[in-house]
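Peer 1: Structure for this input, please:
(one chain, ligands or ions: 2)
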Amino acid sequence: MLETSKTLFERAQQSIPGGVNSPARAFNSVGGAPVFLEQARGSVLTDVDGKEYIDYVGSWGPMILGHAYGPVIEAVQEAAAKSTSFGAPTEIEVKMAELVKQMAPGVDKIRMVNSGTEACMSAIRVARGYTGRDKVIKFEGNYHGHGDSFLINAGSGALTLGTPSSPGVTEGTAKDTLTADFNDLNSVKKLLNEYKGEVAAIIVEPVAGNMGCIPPQKGFLAGLRELCDAQDTVLVFDEVMTGFRVAQGGAQQRFGVTADIVTYGKIIGAGLPVGAFGGSREIMQVVSPDGPVYQAGTLSGNPLAMAAGYALLSELYENPVHYDELEEKTTYLFRGMKEVFEHHEVSATINRVGSMMSVFFTREEVRDFQTAQTTNRELFRDFFHGMLTNGVYLPPSPFESWFLANSHTEAMLDETITAADTAIADAINS
Ligand SMILES: Cc1ncc(COP(=O)(O)O)c(C=O)c1O
Ligand SMILES: N[C@H](C=O)CCC(=O)O
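Peer 2: Ligands and ions are numbered 1, 2, ... in the order given. You can find the predicted model right below:
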């Protein structure tokens, strides 16, 4: 099993740092060689050895309607036949911006970039340019990409690999990033009082997905909104995972709180390299060339990426029933997994918001970075490998969210629950 993956991984390590082009996809925290993939259809992945897996990574979020979704593939092929890039404006960029404005609350103007990292870096620069202030508050265990300002107490691969605060970030940059505790408004108030009038922005994953899936507690996001309003601080929702996934209008719509700037990533390009940031007319007018805050990109608004994203988002916009179905499917999986862990008397907390979910092997309620850390990592490692052996591909870390797609069938969910039953029994008996 995994013979070709193992061989490819050995080769990859000779030429690519750690053998991977993004640390989160390495198997460092669970051990073993990462699975090298060949192709995917709907919710089924096929690896280079021809083995199939039910997929709960979904390219870390964008595959809301599954891999190789017909209208996306057609749109990309049609766009590619015209040119892969112009470096000049195109109609599809305008259509995309208009569609996002219809779907997302509070977005009057939106700028396309090439990744979630770029979107968050740009959002912070805009907030700083708009307010004339330097400091930014982020939350421990939240991840906003690998921009210098964000690699302080970060989540995702940085947390999984034990480097939440990365070497290479200068002290000068680090001093402008203040860290608060997720779901704890008092920790935010304390920082805002200590640095009164100095905080440009609070950036938050409205549903944390990079320390595992952690929902915002009642009043947390609304409380951030109030605190920002009181000090004219810009509230940034990083909706790279949640945008167009937890509702048509993302977390803003689901929780009824509108941010000043919202950032998007992978989903907005249906899996092609895209990001975006948008907000009110007043804030976005500082962005170049309307205003003085410089932000640019040769490939930004790339026609292939726009065509793919437009095909996905317009389907989600026109057929909101997808969200009901995603909700039902994820609830079904949640209940099935819960029964499995109860049956085996394994302490497990399963968090879920819409089609995002995570299993933490702990008896604690998981509400922030500290409680996420109580998960039993060894048990997760064994469970992960058991699931893989039984044909289920989970994120290779206890600190990442699982993503469901509407291409998951009931049979696949049942197969996943059966695999969990076998995997957890083997893990506790090993
Ligand atoms: C919430 C969040 N923000 C930002 C990013 C960075 O996006 P990218 O990896 O496209 O740079 C990610 C994912 O990596 C993310 O999950
Ligand atoms: N948690 C990250 C994105 O959401 C994982 C993707 C990556 O960084 O490669």
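Peer 1: Identify the residue spatially nearest to whichever residue of the stretch 101-250 of the chain sits closest to ligand 1, adjacent ones excluded.
Peer 2: Closest contact between the stretch 101-250 of the chain and ligand 1, by Cβ to the nearest ligand atom, is at residue 116 (2.3 Å). In this view, the C-beta of every residue, glycine as well, is placed from N, C-alpha and C. In this structure, residue 116 finds its nearest non-sequential neighbour in residue 265, 2.8 Å apart by Cβ to Cβ, 6 or more residues apart in numbering.
Peer 1: What of residue 291?
Peer 2: Nearest residue to residue 291, sequence neighbours excluded (Cβ to Cβ, 6+ apart): residue 285, at 5.4 Å.
Peer 1: Then residue 92?
Peer 2: Per Cβ to Cβ, 6+ apart, closest to residue 92 is residue 306, 4.3 Å.
Peer 1: Now find how far off-centre the strand or helix carrying the one you found is within its chain.
Peer 2: Using DSSP states H and E, residue 306 maps to helix 303-318. Remark: helix 303-318 is offset 18 Å from the chain centroid, using Cα atoms, centre = their mean, to the nearest Å.
Peer 1: so what does it touch, helix or strand wise?
Peer 2: Judged by 3 or more Cβ pairs under 8 Å, 6 or more residues apart in numbering; DSSP states H and E, helix 303-318 is in contact with helix 70-82, helix 91-103, helix 321-343.
Peer 1: Now do it: everything it contacts.
Peer 2: With contact meaning Cβ atoms under 8 Å, 6 or more residues apart in numbering, helix 303-318 is reached by 62, 64-65, 69, 71-72, 74-76, 78-80, 82-86, 90, 92-93, 95-96, 99-100, 102-103, 112, 244, 248, 267-274, 322-323.
Peer 1: number of nearby residues for the residue nearest to residue 116?
Peer 2: Residues within reach of residue 265, counting by other Cβ atoms under 10 Å, total 29.
Peer 1: Just the local confidence number for it, please.
Peer 2: According to the prediction, residue 265 has pLDDT 97.
Peer 1: what's the answer for the one 4 residues further on, then?
Peer 2: pLDDT for residue 269: 97.
Peer 1: swap in residue 152?
Peer 2: Note on residue 152: pLDDT of 86.
Peer 1: how close does the nearest residue to it once chain neighbours are set aside get to residue 291?
Peer 2: Nearest residue to residue 152, sequence neighbours excluded (Cβ to Cβ, 6+ apart): residue 177, at 4.4 Å. Separation of residue 177 from residue 291 (Cβ to Cβ, to the nearest Å): 24 Å.
Peer 1: How is this protein divided into domains?
Peer 2: Residue ranges for the domains of the chain, per automatic domain parsing: 3-67+320-429, 70-318.
Peer 1: Thanks again, I'm all set now.
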